[in-house]
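1. Turn this into a model:
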Amino acid sequence: PPEGGLIAAPSPEPEPNPQAPNPDPRWFLWFPFVRPDWYPFLLPNGRVRAGMAKAKAEGKKVGRPRLAVDPKRWAKVKSQLSDGSLSLRKASQKLGISVASIRRLLAEEAEASTENGCAKTGVEMG
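-> As a prediction, the model looks like this:
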């Protein structure tokens, strides 16, 4: 023992604050396992939802902006994808976007081309 015979008691661990932001960036993976009384802190509160509704009513865009891809580069990559000379992964690296984004762009274009006509021929149906 130190001089005087007194030993310092360990300091107690502080209680976790449920309102504090979680430092783990993958916190959403644990969302199903979070204590039910923490759900209100993880979801947007009423004031946030009211502000988003007000902004939307004013004609402002709410949420994350859409992906912007240069049309000339996209046309070139799309033609290479269609003739098989470029893989999805290489195309994503070339454009600097994810493979999922390329799949979504291809699906959107296929859907747009089939709304008024045939996807293969471009002939208008109807």
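2. just checking, what packs against the longest helix anywhere in the chain?
-> Longest helix of the chain, by residue count under DSSP state H: helix 99-116. Applying 3 or more C-beta pairs under 8 Å, 6 or more residues apart in numbering; DSSP states H and E, one finds that helix 99-116 makes contact with helix 71-82, helix 88-95. From N, CA and C alone the C-beta is placed, and that goes for glycine too.
3. go again using 7 Å as the cut-off
-> helix 88-95 (3 or more C-beta pairs under 7 Å, 6 or more residues apart in numbering; DSSP states H and E).
4. how about the helix it packs on: buried residues?
-> Buried residues in helix 88-95, counted by 16 or more other C-beta atoms under 10 Å: A91, S92, L95.
5. a markdown table for these, including pLDDT?
-> Formatted as a markdown table, these follow (pLDDT from 0 to 100):
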| residue | pLDDT |
| --- | --- |
| A91 | 94 |
| S92 | 93 |
| L95 | 93 |
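6. measure stretch 81-93 end to end?
-> Stretch 81-93 has its terminal residues 13 Å apart, counting by C-alpha to C-alpha, to the nearest Å.
7. same question, stretch 90-105
-> End residues of stretch 90-105 are separated by 15 Å (C-alpha to C-alpha).
8. just stretch 58-67 next, same as before
-> First-to-last distance for stretch 58-67 - C-alpha to C-alpha - comes to 23 Å.
9. contacting residues around that stretch?
-> With C-beta atoms under 7 Å, 6 or more residues apart in numbering as the contact definition, stretch 58-67 has outside contacts at M52, A55, K56, I97, S101.
10. mind listing what A55 touches?
-> V62.
11. any idea which helix or strand carries it?
-> Assigned by DSSP states H and E, A55 belongs to helix 46-57.
12. coming back round to it: quick one: which of the buried residues of helix 88-95 is nearest L81?
-> In terms of C-beta to C-beta, no member of those lies closer to L81 than A91, at 5.7 Å.
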